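Trainee: Quick one: sequence and predicted model below, then my questions.
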Amino acid sequence: MGTQVLESELLAEYIDEVTGEIIYPSSDGKPMAETTEHFKHITTIEGNLDTLFAHKTDVFVAGDLLWYPEEGNPYICAAPDTMVVFGRPKGHRDSYQQWNEENIAPAVVFEILSKSNSFSEMMRKFIFYQKYGVQEYYIYDHIKNEFYGYSRENNKLGTILVMPTFTSPLLGITFEIHENSKLKIYNPDGTQFLTFVQQVQKREEAEEKAKISDENARISDEKARISDEKTRIANEETRIANEKTKELEKELQEETKAAEEKTKELEEETKAAEEKAQATQLQIEQIKKLLQEQGFDLSNMQL
């Protein structure tokens, strides 16, 4: 038969010997995770939920933080692998003492199972979360690839049919798990929960794509600049050719005009010479006639 421990005896372990005040430990002495994969699942869920609500100043997200629901009872507590509290500000806490948080209980909790989690331990957690007001409770067994969900209805946590997908009413995230496959979680915008390394890789890929896009845009701009420069040069060459053509046309016109004026002068000179010759011939005829009238014999004269 087991020995019954009185509450006063339990409480005595949490009394500060100097001040007499109740101590609410920030650690239960248990490791956060047993394996690297266990740790990865915890940090991925906590980190992505923290990111999801980063812009919400009244949503507090924590991982492996001791939650004390009752003031004066430090032996009544739980440390969900991840919990989400709506209506409470962000900030550092050694533990979540509900009476100092306007008596607001975590609305959503996650537990990632490990090999050491016993049935009785998980039953105690279920009873704790049901008693103290958790609205949604999710359990993921990453070893067996099994996912369970519970939602509060009529003041009790009832089983949720998750497979293959289920969307959390409070968080807006979607869970997806198929037989013999790992759990996938998606944000409300459809993007998948990623590990820190995956997020870095995705950011680096996005930065590389942006870099390539910028380089392609720079090359395109350079090609456009070169094309514009070629067009400018071609236009300049055309302008120079047109000006040269105009100058040649002008010179040709001037030369043609000068030739025409010269021809006209020659024609006028020829005409004047002809007129002068005609006048001279007329004078000769008049002289011959006058001499004949005077009785000169001009038959042997040559004028």
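Mentor: Sure, I can see it.

Trainee: The longest strand along the chain: which residues count as buried?
Mentor: In terms of residue count, the longest strand belonging to the chain (DSSP state E) is strand 146-153. Using 16 or more other Cβ atoms under 10 Å as the test for burial, strand 146-153 gives Phe147, Tyr148, Gly149, Tyr150, Ser151, Arg152. Using the backbone N, CA and C atoms, a C-beta is placed for each residue, glycine as well.

Trainee: what's the closest of those residues to Glu121?
Mentor: Tyr148 (14.9 Å; Cβ to Cβ).

Trainee: what are the bridge partners for that closest one, then?
Mentor: Ile139 (DSSP bridges).

Trainee: got the contact list for it?
Mentor: Neighbour list for Tyr148: Tyr138, Ile139, Tyr140, Thr159, Ile160, Val162 [criterion: Cβ atoms under 8 Å, 6 or more residues apart in numbering].

Trainee: Now flag whichever of those residues is closest to Lys211.
Mentor: Nearest to Lys211 among the contacts of Tyr148, with distances taken as Cβ to Cβ, is Tyr140, at 37.2 Å.

Trainee: Got the phi and psi for Ser220?
Mentor: Main-chain torsions, Ser220, degrees, to the nearest 10: phi -60, psi -40.

Trainee: Quickly note the distance from it to Gln283.
Mentor: Ser220 sits 93 Å away from Gln283, going by Cβ to Cβ, to the nearest Å.

Trainee: One more: Gln135?
Mentor: Separation of Gln135 from Gln283 (Cβ to Cβ): 142 Å.

Trainee: same deal with Arg218?
Mentor: 95 Å.

Trainee: do His38 as well
Mentor: On the measure of Cβ to Cβ, His38 and Gln283 end up 142 Å apart.

Trainee: Counting neighbours, go ahead and name the busier of the two.
Mentor: His38 (19 against 10; other Cβ atoms under 10 Å).

Trainee: Toward the C-terminus, what is the element adjacent to the host helix or strand of the more buried one?
Mentor: Secondary structure assignment for His38, by DSSP states H and E: helix 36-52. For helix 36-52, the following helix or strand on the C-terminal side (DSSP H and E) is strand 59-62.

Trainee: ok, that next one: who's next to it in the sheet?
Mentor: Applying DSSP bridges, you get strand 82-86 (antiparallel) as the partners of strand 59-62.

Trainee: Tyr137: what secondary structure?
Mentor: Following DSSP: H, G, I helix; E, B strand; the rest coil, Tyr137 is assigned to strand.

Trainee: In contact with the residue lying closest to it once chain neighbours are set aside, which residues?
Mentor: Distances taken as Cβ to Cβ, 6 or more residues apart in numbering put Tyr150 closest to Tyr137, at 4.3 Å, once the chain neighbours are dropped. Listed by Cβ under 8 Å, 6+ apart, the contact set of Tyr150 reads Phe126, Glu136, Tyr137, Tyr138, Leu157, Gly158, Thr159, Ile160.

Trainee: rerun that using 10 Å as the cut-off
Mentor: 109, 126, 129-130, 134-139, 156-160 (Cβ atoms under 10 Å, 6 or more residues apart in numbering).

Trainee: What's the PyMOL syntax to select whichever of those are buried?
Mentor: Selection of buried members from the contacts of Tyr150 for PyMOL, criterion 16+ other Cβ under 10 Å:
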select buried, resi 109+126+129+130+134+135+136+137+138+139+157+160
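
Trainee: how much distance is there from the helix or strand encompassing Glu255 to the middle of the chain?
Mentor: Assigned by DSSP H and E, Glu255 belongs to helix 196-293. Averaged C-alpha coordinates place helix 196-293 at 55 Å from its chain's average position (Cα atoms, centre = their mean, to the nearest Å).

Trainee: repeat for stretch 122-129
Mentor: On Cα atoms, centre = their mean, the centre of stretch 122-129 falls 43 Å from the chain's centre.

Trainee: what does stretch 168-179 give?
Mentor: 26 Å.

Trainee: same thing with stretch 101-115?
Mentor: With Cα atoms, centre = their mean as the basis, stretch 101-115 stands 34 Å off its chain's centre.

Trainee: what distance separates the start and the end of that stretch?
Mentor: Using Cα to Cα, to the nearest Å, the end-to-end distance of stretch 101-115 comes out at 34 Å.

Trainee: Show me which positions of that stretch end up buried.
Mentor: In stretch 101-115, the ones that count as buried by 16+ other Cβ under 10 Å are Glu101, Ala105, Pro106, Ala107, Val108, Val109, Phe110, Glu111, Ile112, Leu113, Ser114.
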